[in-house]
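J.: generate coordinates for the sequence data below:
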Amino acid sequence: MKLEKETQKTTVSRADAHVVHLLDGLIGLPQLKEMEIVYSEEQLPFLWLNELAEDPITFAVVEPGSVIEDYTFEIDDEDANQLGIQTGDDILVLNITTLYAGETPEATINLAAPIVINRRTRIGKQVILEDLDRYPTHYTLCTLVEESVSCAN
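T.: The predicted model follows:
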């Protein structure tokens, strides 16, 4: 069963913050299994994926549909079954964002390895997409140049 998901913008409020269980943790950080998704209205489209721990690791993430048009991909049968996904409506997709400081500060999104979460069960998994030519690991979202911000879209 291949399910194609066209991502769309959704809203997660602080009052509705979700705890998610990542089956295998994040790539390179397998110990990060219990995470919470939170956001601040002023920081949208960025959300925060916080480890549930005393000294948590936090990632800036975005729902790709809020910043990139036509970001679609398929998840394979094994991943869909592991996550209990039955329809495309079950899927919440988050992509990790990296903020680079330096001479030309910028924000990039990892489009090649989205975090796929079942909205109903709150079980998720970071998957690696096969189409790396189409979806890079460092897609430039915004660049700060001379006191102005230049963003994709």
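J.: now do residue 122 against residue 136, distance only.
T.: The gap separating residue 122 from residue 136 is 28 Å, by C-beta to C-beta, to the nearest Å. The way it works is simple: take the backbone N, C-alpha and C, and place the C-beta from them, glycine included.
J.: residue contacts, residue 135?
T.: Counting by C-beta atoms under 8 Å, 6 or more residues apart in numbering, residue 135 touches 71, 73, 111-112, 129.
J.: okay, now the nearest residue to it once chain neighbours are set aside: neighbour count?
T.: Closest residue to residue 135 apart from its sequence neighbours, by C-beta to C-beta, 6 or more residues apart in numbering: residue 111 at 3.8 Å. Residue 111 has 21 neighbours, counted by other C-beta atoms under 10 Å.
J.: the residue nearest the centre of the chain in helix, strand or coil?
T.: For the chain, the residue nearest the mean C-alpha position is residue 94 (1.8 Å; C-alpha atoms, centre = their mean). Taking DSSP: H, G, I helix; E, B strand; the rest coil as the rule, one finds residue 94 in the strand state.
J.: my guess is it contacts residue 37, does it?
T.: Yes - assessed by C-beta atoms under 8 Å, residue 94 is found in contact with residue 37 at 7.3 Å.
J.: list residues touching both of these two?
T.: 47, 49, 61.
J.: any chance you could map the helices in this structure?
T.: Along the chain, the stretches classed as helices by DSSP state H are 77-83.
J.: strands of that one, residue ranges please.
T.: Ranges of strands in the chain, per DSSP state E, are 3-6, 18-22, 34-38, 46-51, 58-62, 72-75, 91-100, 106-109, 115-118, 123-126, 139-145, 148-151.
J.: many thanks, have a good one.
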